[in-house]
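*Asks:* Here is a sequence together with a model predicted from it:
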Amino acid sequence: MKKIYVNTNQKALVFKKGELVRVLNAGSHWLGFGETSVSYDMSKKFGSELAIEVLLQNQEFAEAINLVEVGDNELVLVYEGKNFRNLLSAGQHIFWRGIKEYEFVRVDISNLTIDSTIDKNLLEKQPLLHYVRSFKVEPHEQALLYLDGKFETILESGNYSWWKNSTNIQVVKTDMRQLTMDIAGQEILTKDKAQLRINFTLQYRVADILKALRDNREFDKQLYVVMQLAIREYVG
């Protein structure tokens, strides 16, 4: 016989021949012949080398824990009271009952949309940062959103976040302010065979982002060429 003591914030699992036979609460206890015990801090997530399915066969243990099973396309946010504490990825996770009150919020990351109930500040910090794709459209910009290569919508200025999954996301932005383009060193031959070298500047503004980015490829380079041809025709 062996006497052991379990602290207030602990539970002890008693094993015999590798099988879980008892769960001990705080206090003094006697171990029988061939029994061994392992103590666990109830304020921490439970971890063991033994298979969870084996441990759950013991009714005392099953009633003493919260078992959280997370699927491949899921995440579970763990809160203590109103405070975020941890993020659970795919697998089985065990938390002791009694010491802390946990809330488990399950999200499906196979969907792109992030539920508005999740604090946006959490998305910019570890560990959620690894599972989120974020894009910022500045106040002077607009952007086109493509999902798996297909145009979806126009994005106005703001911060955008989506879950990171198999969907390909592309955000193509452009500046909507008035811009300047310099076209330098144009060698132009007039009708009377005089050779001129001309530098000039133009100002332009994107009025329709769909025409600029979706319906044209590298519109600014096309504009450069168009203006070269226009000045040659005008001066010639």
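*Replies:* Thanks, I have the structure now.
*Asks:* For the protein, which residue occupies the most central location?
*Replies:* The centroid of the chain falls nearest to Val132 when counting by Cα atoms, centre = their mean (1.3 Å).
*Asks:* could you list every residue that touches the closest residue to Glu35 other than its chain neighbours?
*Replies:* Residue nearest to Glu35 in three dimensions, not counting chain neighbours: Lys16, with 5.0 Å by Cβ to Cβ, 6 or more residues apart in numbering. Using the backbone N, CA and C atoms, a C-beta is placed for each residue, glycine as well. Listed by Cβ atoms under 8 Å, 6 or more residues apart in numbering, the contact partners of Lys16 are 32, 34-36.
*Asks:* Please type out the ChimeraX selection for whichever of those turn out to be buried.
*Replies:* Restricted to buried positions by 16 or more other Cβ atoms under 10 Å, the ChimeraX selection for the contacts of Lys16 reads:
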select :35
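*Asks:* For Phe151, state which of the contacts of Lys16 is nearest.
*Replies:* Distance to Phe151, by Cβ to Cβ, is smallest for Thr36 among these, at 64.2 Å.
*Asks:* ok, what's across the strand from that closest one?
*Replies:* Phe15 (DSSP bridges).
*Asks:* Would you mind confirming that it makes contact with Phe15?
*Replies:* Yes - look at Thr36 against Phe15 with Cβ atoms under 8 Å: they come within range, at 5.3 Å.
*Asks:* biggest helix in the protein, by residue count?
*Replies:* Counting by DSSP state H, the longest helix found in the chain is helix 219-235.
*Asks:* any idea how this protein splits into domains?
*Replies:* 2-108, 120-175, 179-235 (automatic domain parsing).
*Asks:* Out of those domains, point me to the one whose mean pLDDT is lowest.
*Replies:* Comparing mean pLDDT across the domains of the chain, the weakest is domain 179-235, with a mean of 88.
*Asks:* show me what contacts Leu144?
*Replies:* Leu144 makes contact with 151, 153-155, 171-172, 209-210, 213-214, according to Cβ under 8 Å, 6+ apart.
*Asks:* Describe which strands the one helix or strand it maps to pairs with in its sheet and in which direction.
*Replies:* Using DSSP states H and E, Leu144 maps to strand 141-147. The pairing partners recorded for strand 141-147 under DSSP bridges are strand 150-155 (antiparallel), strand 169-175 (antiparallel).
*Asks:* residues touching Gly98, list them.
*Replies:* Counting by Cβ under 8 Å, 6+ apart, Gly98 has contacts 42, 64.
*Asks:* what do you get if the cut-off is 10 Å, keeping everything else the same?
*Replies:* By Cβ atoms under 10 Å, 6 or more residues apart in numbering, the contact list for Gly98 reads 9, 11, 25, 42, 64-65.
*Asks:* and if you look at Ala64?
*Replies:* Counting by Cβ under 10 Å, 6+ apart, Ala64 makes contact with 11, 13, 23, 25, 42, 46, 58, 94, 96-98.
*Asks:* how about 7 Å then?
*Replies:* Counting by Cβ atoms under 7 Å, 6 or more residues apart in numbering, Ala64 touches 11, 23, 96-97.
*Asks:* rewinding a little: I'd like the contacts of Lys16 written out as CSV, with distance to Val70 added.
*Replies:* Below are the contacts of Lys16 laid out as CSV (distance: Cβ to Cβ, whole Å):
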residue, distance to Val70
Gly32, 37
Gly34, 37
Glu35, 34
Thr36, 31
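*Asks:* so which of the contacts of Lys16 would you say is closest to Gln222?
*Replies:* Nearest to Gln222 among the contacts of Lys16, counting by Cβ to Cβ, is Thr36 at 77.7 Å.
*Asks:* before we move on, what SS does the closest residue to Phe46 other than its chain neighbours have?
*Replies:* Spatial nearest neighbour of Phe46, excluding adjacent residues (Cβ to Cβ, 6+ apart): Ile94 at 3.9 Å. Ile94 falls in the strand class when you classify it by DSSP: H, G, I helix; E, B strand; the rest coil.
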